[in-house]
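Visitor: Let's see this in three dimensions:
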Amino acid sequence: MQAHLIILIKKSGYFKYGDMEAISIEGTSKTPTVILEPDNGKIEISGMSIPEDSMVFYKPILEWIDGYSKSPAPGTEVIIKLDYFNTSSSKFFLDIFQKLERLFNTGFEVVVHWYYEVEDEDMLGTGEDYQSILKIPFKMISYEDD
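Guide: This is a model prediction of the structure:
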């Protein structure tokens, strides 16, 4: 059922759950894949994040998180698995994490799974930097690129 649902989201882009819509944005060579699923509290961003205009790309995601925060799932799992991102994207990631930190501070469970390639010390260091300035749980997860 879950796999079917994800396929449906990817085909249509939007799928309605109560008052919130699940959103799936297919990644490009410059923008990440984004999956936002309010029913199970999943927020996933993966791939490259070097959009021409980070504000245009990330503003709808920030607005979605604002709406989600009004009636969130009991637990929110954030999956970040980026190959590379630019400075302007990093500011929006901080904005996203700060919104989720406010949610965490109201008693909801939030955890960030920060994936990095085994030999990518820069990506690990960036995740650790976010972890050090935010008061939400981070799990650093290494993986080997196939």
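
Visitor: Show the contacting residues for Lys47.
Guide: One thing to correct before we go on: residue 47 is Gly, not Lys. 27, 31-33, 81-83 (CB atoms under 8 Å, 6 or more residues apart in numbering). Bear in mind the C-beta positions are built from the backbone N, C-alpha and C, glycine included.

Visitor: Centre of the chain to the top strand by length along the chain, how far?
Guide: In the chain, with assignment by DSSP state E, the single longest strand is strand 75-85. Counting by CA atoms, centre = their mean, to the nearest Å, strand 75-85 is centred 5 Å from the centre of its parent chain.

Visitor: Who wins on neighbours among the contacts of Gly47?
Guide: Highest neighbour count within those, by other CB atoms under 10 Å: Pro32, with 27 neighbours.

Visitor: Which of the helices or strands spans the residue nearest to that one when sequence neighbours are not counted?
Guide: Nearest non-adjacent residue to Pro32, counting by CB to CB, 6 or more residues apart in numbering: Gly47, 4.2 Å away. Using DSSP states H and E, Gly47 sits in strand 42-49.

Visitor: Specify the angle between that strand and strand 75-85 in degrees.
Guide: 0 degrees (axes from the mean of the first three to the mean of the last three CA atoms, to 10 degrees).

Visitor: What mean pLDDT does strand 42-49 get?
Guide: Average pLDDT, strand 42-49: 98.
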